[in-house]
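# mind looking at a prediction? Sequence and model below.
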Amino acid sequence: MKRKLQEVDAGEKPASSPSSSSAIGTSMNTTDIVLQTSSPKLSQKQDYIFHGGDSFKLNPKISLLFWVPFFKNLVCEGRRHVRPYYFEFISHVNKRWTGKTIVDLFADEFKGRPRDYYVGAVKCGRIKVDGETVPVSYIVRSSQKITHFVHRHEPPVMTDDVQILVNEPDVVTVCKPASIPVHPCGQYRKNTVVGILDAEHDLGPLFPIHRLDRLVSGLLIIARTAAKADFFRKQIEGGMVKKRYIAKVIGVFPEDEKVVDANINYNGSEGRSTAEDANSSGGDKKVKGKPACTKFTRIGTNGTHSLVLCEPVTGRTHQIRVHLQYTGHPIANDPLYLNHDVDNLETKIAKRIDADERKMASPNDYVYSSDDFSIDPMCTNCPKLIPQGYEEHDEALWLHCVRYSGTGWEYECPYPSWASL
């Protein structure tokens, strides 16, 4: 997997009442942009554009019979896109920014767009300071409010439905598909579980009580009231909640129950974690990271892969994934944590397909009409639908949340199609 997203709007916060889904830009000046009436809804059905999937290409040097078991996993899924929309980000000048010109600030801190764009955005009022249009030479002062009015393009996600499992007055549980973030974060806002539930089922406001990594699928519990969210939060913080996941890993996992007690050290710049034995410190050596513990139990194996029940005791970033790597049995299609020394033929083939032969429809393959979305002449992404620099084809990670339980409650999710041997 290759992920290279634009470094746009990092550190900027959305305005409290952002513009609703779509709008028409007829010139570079914000006063000429016609906006829809602001809506309390995060998303609406018409905000989305769907493109069908495409199939992968076979390697003619490998027997067709070899590929038969992999067909259901190697067909590229369709994509759910969001129609670009106008959105206002808000930042406040911090100590590092103080004393810079408004253009230098944006060019230095938000490198996803060229300097010329920021010059034009300041001149036409898309970037303002304390609500006022300023000259490009304006020097910002501490705590001033800066707004940036953008034509926002979101990355696509796979088109799998967000299936509702339980719909109660104060709780809704869903089966979260892989590739869709739980809630607005980074470049994602409408293309999230919360956004899709709002658009397709008119559910909101919603309070997710736990999160799943974007590429992880399975059970997601969402409170429908702040009081119910607080109820779940207290049980989670009190260590009263038990969590179960299943994973499909490389090799023959040990038959006996295995408990991994290894610290997790997350590197934000690399976007990955490492594990270190909590008992390995000696002398002046200090174990890095935060304490983490996961219990693993083998469900079954076919000699090539194993299905493993994973029960995390703590909740660190990528905990299950990195603890499985630590055991020598990483998740079989994990792009981050597959060991370099894995020599299994099936794994090599799958990795090569993921890198070279799985064809995802590229933004250049799409033919747009004026009905798809309106082109903003100042936008650095238009006329493409996908954000500039986005080069990723998502694969459903073979890690799935199947059950959460606490005092007086329990919720479950069906197993995915890959959970067989």
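Noted; the coordinates are in hand.
# any stretches of this structure with poor pLDDT?
The model of the chain has pLDDT under 70 over residues 1-39, 53-77, 280-285, 339-371, 391-394.
# domains of it: list them as residue ranges, please.
Following the TED database, the chain resolves into domains at 83-152, 154-240, 242-335+393-420.
# closest one to residue 384 among those?
Among those, domain 83-152 comes nearest to residue 384, with 9.6 Å by CB to CB. In short, each C-beta sits where N, CA and C put it, glycine included.
# what about that closest one, how long is it end to end?
9 Å (CA to CA, to the nearest Å).
# what of stretch 228-247?
End-to-end distance for stretch 228-247, by CA to CA: 30 Å.
# just the buried residues of that stretch, please?
By 16 or more other CB atoms under 10 Å, the buried positions in stretch 228-247 come out as 228, 229, 231, 232, 235, 236, 241, 243, 244, 245, 246, 247.
# how about the fifth one: what's its closest non-neighbour residue?
Closest residue in space to residue 235, ignoring its immediate chain neighbours: residue 406 at 4.4 Å, by CB to CB, 6 or more residues apart in numbering.
# so that neighbour sits against residue 243, correct?
No - at 9.9 Å, residue 406 does not count as touching residue 243 under the criterion of CB atoms under 8 Å.
# ok, back up a step: so which of the buried residues of stretch 228-247 are in helices?
228, 229, 231, 232, 235, 236 (DSSP state H).
# in contact with the last one, which residues are there?
Meaning residue 236. Contact partners of residue 236, counting by CB atoms under 8 Å, 6 or more residues apart in numbering, are 209, 210, 406.
# how close does residue 107 get to residue 237?
42 Å (CB to CB, to the nearest Å).
# whoops, residue 177 was the one
Distance, residue 177 to residue 237, using CB to CB: 28 Å.
# go on, residue 251?
Note on residue 251: its distance to residue 237, by CB to CB, is 36 Å.
# possible to save the contacts of residue 236 as TSV with distance to residue 91, neighbour count and secondary structure?
Below are the contacts of residue 236 laid out as TSV (distance: CB to CB, whole Å; neighbours: other CB atoms under 10 Å; DSSP: H, G, I helix; E, B strand; the rest coil):
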residue	distance to residue 91	neighbour count	secondary structure
209	29	20	coil
210	29	17	coil
406	39	18	strand
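# in three-state terms, how would residue 372 be classified?
Taking DSSP: H, G, I helix; E, B strand; the rest coil as the rule, one finds residue 372 in the coil state.
# surely residue 103 is in contact with residue 120?
No - assessed by CB under 8 Å, residue 103 is found out of contact with residue 120, at 10.0 Å.
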